[in-house]
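Undergrad: Got a predicted structure here, sequence first:
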Amino acid sequence: MQTILVPFDGSKHALKALHIAGDLAEKYKCEICLISIIAKTPKDLQDARQKTQKLIALAKSKLNTRGLEPASMDIEVGEPAECILLAAKRHKVSTIVMGCRGETMQGDSQFGSVSQKVFQMANCTCISVK
């Protein structure tokens, strides 16, 4: 079975990526793995972890409304691109579907740097969603 990894930060691009991953999973009978990343060790790691757990719960809820259940839901602390690439290896994913613009825990937008690094280094199909 093929597996799709969806990095999810709650941004509008991540929501679109999740929707597209759901479409692919339904059509091709793929599993979906979710990952949400705490990019930097914040002052209050517990607070950041709770916010990230809410993001993962939101993504799971969106999939559940379509009758899909995520195969895994990871929360990682670290450099986002590295965490995504490690998760892709760990779950042996065939495809990464991610937004082209993400958000930090502070709500700042970051354009392309994480997705660009992931796409350059990943050994699987990558789909960027805007």
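TA: Cool, the structure landed.

Undergrad: Leaving out sequence neighbours, find the closest residue to Gly99.
TA: With C-beta to C-beta, 6 or more residues apart in numbering as the criterion, Gly99 has its nearest non-adjacent residue at 2.7 Å, and that residue is His13. Quick note: C-beta positions are derived from backbone N, CA and C, even for glycine.

Undergrad: ok, now how distant is the one you found from Ser128?
TA: His13 sits 9 Å away from Ser128, going by C-beta to C-beta, to the nearest Å.

Undergrad: residue contacts, Tyr28?
TA: By C-beta atoms under 8 Å, 6 or more residues apart in numbering, the contact set of Tyr28 is Gln2.

Undergrad: ok, now the one 10 residues further on?
TA: When the contact criterion is C-beta under 8 Å, 6+ apart, the partners of Ile38 are Leu45, Ala48, Arg49, Thr52, Ile75, Glu76, Val77, Gly78, Met105.

Undergrad: what's the helix or strand for Ala57?
TA: helix 45-64 (DSSP states H and E).

Undergrad: Could you list the alpha-carbon positions for that helix in CSV?
TA: Extracted C-alpha coordinates of helix 45-64, given in CSV (Å, rounded to 0.1, in the frame of the first residue of the first chain):
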residue,chain,number,x,y,z
LEU,A,45,7.2,23.6,25.3
GLN,A,46,4.1,22.2,27.0
ASP,A,47,2.0,25.1,25.6
ALA,A,48,3.5,24.6,22.1
ARG,A,49,2.8,20.8,22.3
GLN,A,50,-0.8,21.4,23.3
LYS,A,51,-1.3,23.8,20.3
THR,A,52,0.3,21.2,18.0
GLN,A,53,-1.9,18.4,19.4
LYS,A,54,-4.9,20.6,18.5
LEU,A,55,-3.6,21.0,15.0
ILE,A,56,-3.2,17.3,14.6
ALA,A,57,-6.7,16.7,16.0
LEU,A,58,-8.0,19.2,13.5
ALA,A,59,-6.3,17.4,10.6
LYS,A,60,-7.6,14.1,11.9
SER,A,61,-11.1,15.5,12.2
LYS,A,62,-11.0,16.7,8.6
LEU,A,63,-9.9,13.3,7.4
ASN,A,64,-12.5,11.5,9.6
